[in-house]
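1. just a sequence and a predicted model for now, questions to come.
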Protein chains: 2
Amino acid sequence: MPTIAVDAMGGDHAPDEVVKGVAQVSLATDIECLLVGDERRIQENLEGVSYNPEHIAILHCRDAIGMGENPHEAMRRRDASLLVGTRAVAEGRADALVSAGNTGACILACAKHFPLIRGIRRAALASVYPRHVEYEGQDRFALLLDVGATVRCEAEELVHFAIMGAGYARRISKVTSPRVALLNMGSEETKGGETLVEAHRRLRALAGIHFVGNVEGNDLVRGRADVIVCEGLVGNIALKLIEGVSEVFTDLASVAAERRLSWRLGLRLLARGIERLRELTDYAQYGGSPILGFERLCIKCHGRSTAQAIANAVKVAAKAVRDRVPSEIAAAVAALG
Amino acid sequence: MPTIAVDAMGGDHAPDEVVKGVAQVSLATDIECLLVGDERRIQENLEGVSYNPEHIAILHCRDAIGMGENPHEAMRRRDASLLVGTRAVAEGRADALVSAGNTGACILACAKHFPLIRGIRRAALASVYPRHVEYEGQDRFALLLDVGATVRCEAEELVHFAIMGAGYARRISKVTSPRVALLNMGSEETKGGETLVEAHRRLRALAGIHFVGNVEGNDLVRGRADVIVCEGLVGNIALKLIEGVSEVFTDLASVAAERRLSWRLGLRLLARGIERLRELTDYAQYGGSPILGFERLCIKCHGRSTAQAIANAVKVAAKAVRDRVPSEIAAAVAALG
């Protein structure tokens, strides 16, 4: 059974929800968790819940990186839970890392302690996000990468992202041959400038990847592709835009409920329909975002993660370790020649 | 009174809706319209509606560019309504152009026949899109540019886009001092890579622009800024993503209405609330998207434009001509030194 290091002090609801999530996993699975953080506070939280002590160990440290801290400056705090946890994985005391903390700090911590896979030049933060399914049984989630680790990319890096995303999706999602697409401003292969034209050409020629061509912004919320590749700047803006539309929707619904009795009644009748719509855009609770490209895996959870989201992320991390996702990516990159 | 050349043959509903829109304008205003296209078909459509013949002239041509045509190849068709209309403006027979036709062809036609404003290196397609207002009386629309004319940008071009967007918004929207923001992957000035960091630095130092810093993807649908600047690849993906979420929303609502009586009833009670939500994302009917950076103005309407949208665009074009928007932009760029 793999051991997962969990940053107990990272996230808006840390350590409470993080510890609760790990406790859930300890009862439901054989996964071993290494909770990294302030031992006293972790123990306090464990005392309030049921858990299996055989599956949980604590790695004590005093410091923690705040959500709003400058990631580069945070790297100096060697005794922070995130950095202690990352080192534990690098040294083989755990097999993968889960954190709901400062995203920039997570990426830098991985870059500092985990070697890049041979042949890969830049890491990617991938985001699992829910989309509108187009047929019964289609996976409700798609994978968008990069969403912020590598701001600008060359064509070669986009090709690596495609390999990384497809490798991860093949193991973690229900799709055996995930459809990979390039996010662009038009479906024609001539669109998007030099880098995207070159990436399109290389992806089309690539064996072992089911490349379906370019997709546009509106396709992101549809089921046309399972893995969507772009540079970090574009992916970050797109993902936050989906989140923003969801927030506005929630605001409008609650304002509507306050304003009129008929609207309140209407919203109540539609409750389940609205829930489905909200799921489409509210990706806060879904599993987590893998940081790909390193020999070790880190699953970054949303800062707002609940215990359930943390538990999902730990299970996903364990599955990725068992299925040797980094080795699969390494083999695919080596095959590029 | 300004004369506006209108591409009668461009758009999904051309020439019917285009002619109907121009007929509306001819009755309601003193704007002169030059309808460019197949005279027989234009006359047929005019016969079916009321209009003021003193305000409408026809410039006959036989050819028209299709919505799906390759824009570069379309430029060879010199007798197409779009190119005849653009030349009419370039030669001073009209003051500005309105078209609901092929977007790429519109941009190329302007680039071919209109000189760039002195000091401006690249044109921008700006899109007026509706957003969630944050206080009573706030303009319901914001301006995003570039959304596809200039794929990749240098910092200087982003600064020009800010000047162009602010100049246009100052004249066309209700805001006297529009807040200008840079679309980025974080609010900190160090975010987004070299080009965006440099653009941020220059915009902050710029007199005559109310620069409010970086905004992120989720801010696009909020009221935080009135003019949002980005490179064409990013703007195009963001705009289409907003459109895509709207489409999914409409689909889900109609599926919900079919599936359950309680949902149908709920939707009926919410009808006005849903309409407001849809307005937020469905930008098809709003005025049009100015192509900025040239000495002459072109307002590009959405391909799906109705008569009402065409009429709005013609009025906006006339207002921009009367308010000398290109001269204002030229003066602001000249002041950069």
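-> Cool, the structure landed. Residues are numbered from 1 along each chain as shown, chains lettered A, B, ... in the order given.
2. near chain B, which residues of the stretch 51-200 of chain A?
-> Neighbours of chain B within the stretch 51-200 of chain A, by C-beta under 8 Å from any C-beta of the partner chain: A:H132, A:G148, A:V151, A:R152, A:L183, A:N184, A:M185, A:G192, A:G193, A:L196. Every C-beta, even on glycine, is put in place using the N, C-alpha and C of the backbone.
3. could you check how far the residue of the stretch 1-150 of chain A found nearest chain B is from A:D219?
-> Closest to chain B within the stretch 1-150 of chain A is A:H132: 4.5 Å, counting by C-beta to the nearest C-beta. Remark: distance between A:H132 and A:D219 (C-beta to C-beta, to the nearest Å) = 11 Å.
4. between those two, who's got more neighbours?
-> Relative neighbour count places A:D219 above the other of A:H132 and A:D219, with 23 against 20, counting by other C-beta atoms under 10 Å in any protein chain shown.
5. from memory the more buried one sits against A:L182, does it?
-> No - at 10.9 Å, A:D219 does not count as touching A:L182 under the criterion of C-beta atoms under 8 Å.
6. show me where chain A has strands.
-> With DSSP state E as the criterion, chain A has strands at A:3-7, A:32-37, A:56-60, A:96-99, A:124-130, A:141-145, A:179-183, A:210-215, A:227-229, A:289-292, A:297-300.
7. how distant is the shortest one from the center of its chain?
-> Shown here is strand A:227-229, whose average C-alpha point lies 13 Å from the average C-alpha point of the whole chain (C-alpha atoms, centre = their mean, to the nearest Å).
8. next: the first one.
-> Centre-to-centre, strand A:3-7 and its host chain are 15 Å apart (C-alpha atoms, centre = their mean).
9. in it, what's buried?
-> A:T3, A:I4, A:A5, A:V6, A:D7 (16 or more other C-beta atoms under 10 Å in any protein chain shown).
10. now swap in the third one and tell me
-> Using 16+ other C-beta under 10 Å as the test for burial, strand A:56-60 gives A:I56, A:I58, A:L59.
11. how far away is A:I209 from A:A105?
-> For A:I209 relative to A:A105 (C-beta to C-beta), the value is 32 Å.
12. swap that for A:V159, sorry
-> Relative to A:A105, A:V159 is positioned 28 Å away (C-beta to C-beta).
13. more crowded one of those two?
-> Between A:V159 and A:A105, counted using other C-beta under 10 Å, the more crowded position is A:A105 (27 against 24).
14. residues near A:A207, how many?
-> There are 7 residues near A:A207, going by other C-beta under 10 Å.
15. related to what we said a few turns ago, just put the residues of the stretch 51-200 of chain A next to chain B in JSON lines and tack on pLDDT.
-> Converted to JSON lines, those look like this (pLDDT from 0 to 100):
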{"residue": "A:H132", "pLDDT": "75"}
{"residue": "A:G148", "pLDDT": "92"}
{"residue": "A:V151", "pLDDT": "93"}
{"residue": "A:R152", "pLDDT": "93"}
{"residue": "A:L183", "pLDDT": "97"}
{"residue": "A:N184", "pLDDT": "97"}
{"residue": "A:M185", "pLDDT": "94"}
{"residue": "A:G192", "pLDDT": "93"}
{"residue": "A:G193", "pLDDT": "93"}
{"residue": "A:L196", "pLDDT": "97"}
